[in-house]
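Trainee: Okay, here's the prediction I keep looking at, along with the sequence it came from:
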Amino acid sequence: MGIRAVDTEASPGNLYRMLPSVNAVLLFESVEALLRVYPRDAVIHATQKLLGEIREEISSGDHSEETLSVRLAALSEAISNRLKRPLEFSLRSVINATGVVLHTNLGRAPLSRLALDRIVEVAGGYSNLELSLDSGERGSRDVHVESLLLSVLGEAANVPDFATTHRAIVVNNCAAATFLVLHSLARDKEVLVSRGELVEIGGGFRIPEILAESGAILKEVGTTNRTRIADYETALTPNTGLILRVHQSNFTMEGFVEKPSLEELVSLGRRAQVPVFVDQGTGLVRDSAPGPAITNEMTLTHGIAQECHLVAASGDKLLGGPQCGMIVGRKDLVDRIRRNPLFRTYRVDKLIYAALEATLATYSAHMPEQIPIVRMLHEPADRIRQRCEEVVAGIESLEVSATVVEVESVIGGGTAPKTRIKSYAVALRHKNGDAAAFLRALRRCDPPIIGRIENDQVILDLRTVEPHFDSHLINAVNSSFHLRRTASQSKPN
Ligand SMILES: *Cc1c(COP(=O)(O)O)cnc(C)c1O
């Protein structure tokens, strides 16, 4: 597939006329060979589908006469591929060349090798999900991660005995975790929240709405930009159920701003005997990361070390595990949450336990670099530049110019919006200019390549691309934009 041609002969009408009929395709020699292996209906269906797709490509202006002939020359091969893999999956793996490490639209955190292996092993057969292998009696699925999570957190926060004084449960995601905490502990009670923390996290998760749905009563404290500990103190009543701190994940405030430290909140909560609950979101276990601007406040360890009563975090944010929500807190409080009948409705599947246990085991073994996002966040910029240079050197298409440019990667996932990590990218420019069409053509590759546009060029930031995909990037560009330097040089006619 190419880029819109400037060639005026390539009016869509002419291009449509180049398309063969289904019957004509069935008479191709190579397609007749397929008919000997596959049912006729299947071959016809695959052919119709493909011709339909090509028609769409023409109507979106993606073809010149030249690129269309290339596409049509490969028609029987494409039909054969489709017959081998009859189902076009809707959910596909893609190459994330956006430089956004936790890209919500691209599924946030890729899982570690160990987590994937554990999913295959556990989900491919039966498991002791709810069976105690000791007693042979029914067990609880929570046990598979609870003690590991507590010991990893206790060690990282340097809180001895953490695993005996605290408990942990897992639900579908952090939004569910927050809701469940409020619903279990603060129904018909007042929850103190700073006006600066009444935020929308993304995907329509708004703190005031979640609070209202949970049956808790929102008691706003302070102002948007400044909230002091005294504001919380004067807002306390006998009906205060919780003090809620929401991590300002996806925005920052600057200037005349103030808020009490977590330590101050916890100390107030202790005096007033009101639990402090931190909706942390970003669930990085330890500061495994003195590298790229991940602050201590973004770690789960921070809340634990400050001895707040409850913390909720996402498994697929900075922890780099599967999508889930983790609630960690004082024993009596977590037990109340566990007894809430709604807990059952947020229960997670064995796949999640398998992947989460493996992710936590990796931290427990002090091997965080085996977690893909940790590796990506720490990849030195120089090494990325070197990979970019190799990709640029491999691009042979005469239609495309490729250079290496310095860019900035971001963490993403509504996390630390101001954090920028120096990186390098391959910048691609098509000779016909249209960067948006170029980007679209890259999305049509298999696997699709997702980049972004900057200064009218397509930018592929390699920080978020696993190195084994580098050669795929080269091949995809070379075969999508078929006028290769080598071909045209060796055949001057
Ligand atoms: C991301 C985030 C959430 C929501 O987490 P999900 O796992 O996506 O549901 C909640 N609170 C905070 C502070 C967050 O950053």
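Mentor: Perfect, thanks for sending it. Since the structure is predicted, the reported quantities are computational estimates derived from the model, not experimental observations.

Trainee: Go through this structure and flag its longest helix.
Mentor: Using DSSP state H to assign secondary structure, the helix with the most residues in the chain is helix 40-59.

Trainee: Can you spell out which helices and strands pack onto that helix?
Mentor: Under the contact criterion of 3 or more C-beta pairs under 8 Å, 6 or more residues apart in numbering; DSSP states H and E, the helices and strands touching helix 40-59 comprise helix 12-18, helix 22-26, helix 29-37, helix 65-73, helix 75-84. In this view, the C-beta of every residue, glycine as well, is placed from N, C-alpha and C.

Trainee: and the fourth one, what does it pack onto?
Mentor: Contacts defined by 3+ C-beta pairs under 8 Å, 6+ apart place helix 65-73 against helix 12-18, helix 40-59.

Trainee: again, 7 Å this time
Mentor: Under the contact definition 3 or more C-beta pairs under 7 Å, 6 or more residues apart in numbering; DSSP states H and E, helix 65-73 sits against helix 12-18.

Trainee: Grab the CA positions of the helix it packs on and hand them over as PDB.
Mentor: Output in PDB follows, covering the C-alpha atoms of helix 12-18 (Å, rounded to 0.1, in the frame of the first residue of the first chain):
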ATOM      1  CA  PRO A  12     -10.200   6.500  -8.700                       C
ATOM      2  CA  GLY A  13     -12.400   5.600 -11.700                       C
ATOM      3  CA  ASN A  14      -9.400   4.300 -13.500                       C
ATOM      4  CA  LEU A  15      -8.100   2.500 -10.500                       C
ATOM      5  CA  TYR A  16     -11.400   0.700  -9.900                       C
ATOM      6  CA  ARG A  17     -11.300  -0.600 -13.500                       C
ATOM      7  CA  MET A  18      -8.000  -2.300 -12.700                       C
END
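
Trainee: Any buried residues in that helix, and which?
Mentor: Applying a neighbour-count criterion of 16 or more other C-beta atoms under 10 Å, the buried positions in helix 12-18 are residue 15.

Trainee: got it, and stretch 59-66?
Mentor: Residues of stretch 59-66 classed as buried under the neighbour-count rule (16+ other C-beta under 10 Å) are 61-64.

Trainee: Likewise for stretch 294-303?
Mentor: Of the residues in stretch 294-303, those buried under the neighbour-count criterion (16+ other C-beta under 10 Å) are 294, 298-303.

Trainee: which residue packs closest to residue 448, ignoring adjacent ones?
Mentor: In space, not counting the residues next to it along the chain, residue 448 is nearest to residue 94; the distance is 4.5 Å by C-beta to C-beta, 6 or more residues apart in numbering.

Trainee: how about that neighbour, what does it touch?
Mentor: With contact set as C-beta atoms under 7 Å, 6 or more residues apart in numbering, residue 94 has these partners: 106, 447-448, 450.

Trainee: still on that earlier bit, as JSON lines, the helices and strands packed on helix 40-59 with distance to the ligand would be great.
Mentor: Putting the helices and strands packed on helix 40-59 into JSON lines (distance: least, C-beta to the nearest ligand atom, whole Å) gives the following:
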{"stretch": "helix 12-18", "distance to the ligand": "43"}
{"stretch": "helix 22-26", "distance to the ligand": "46"}
{"stretch": "helix 29-37", "distance to the ligand": "45"}
{"stretch": "helix 65-73", "distance to the ligand": "40"}
{"stretch": "helix 75-84", "distance to the ligand": "36"}
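
Trainee: Dump the ones you listed to JSON lines, plus distance to residue 359.
Mentor: Putting the helices and strands packed on helix 40-59 into JSON lines (distance: least, C-beta to C-beta, whole Å) gives the following:
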{"stretch": "helix 12-18", "distance to residue 359": "50"}
{"stretch": "helix 22-26", "distance to residue 359": "49"}
{"stretch": "helix 29-37", "distance to residue 359": "44"}
{"stretch": "helix 65-73", "distance to residue 359": "43"}
{"stretch": "helix 75-84", "distance to residue 359": "34"}
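
Trainee: TSV for those helices, including mean pLDDT?
Mentor: Rendered in TSV, the data for those read as follows (pLDDT from 0 to 100):
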stretch	mean pLDDT
helix 12-18	86
helix 22-26	93
helix 29-37	92
helix 65-73	88
helix 75-84	89
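
Trainee: List just the nearest of the buried residues of stretch 59-66 to residue 352.
Mentor: Nearest to residue 352 among those: residue 62, at 40.0 Å, using C-beta to C-beta.

Trainee: Now the closest one: which helix or strand?
Mentor: Element membership of residue 62, judged by DSSP states H and E, is empty: it is in no helix or strand.

Trainee: What score does it have for pLDDT?
Mentor: Residue 62 is assigned a pLDDT of 81 by the prediction.

Trainee: Please report the distance of it from residue 480.
Mentor: Counting by C-beta to C-beta, to the nearest Å, the gap between residue 62 and residue 480 amounts to 10 Å.

Trainee: and the residue in the stretch 201-350 of the chain that the ligand sits nearest to, helix, strand or coil?
Mentor: Scanning the stretch 201-350 of the chain for proximity to the ligand using C-beta to the nearest ligand atom identifies residue 281 as nearest, at 2.1 Å. Remark: residue 281 carries the secondary structure label strand [criterion: DSSP: H, G, I helix; E, B strand; the rest coil].

Trainee: Hmm, residue 177 and it touching each other?
Mentor: No: between residue 281 and residue 177 no contact is recorded; they are 9.9 Å apart, counting by C-beta atoms under 7 Å.

Trainee: Now do the shared contacts for those two.
Mentor: Shared contacts of residue 281 and residue 177 (C-beta under 7 Å, 6+ apart): none.
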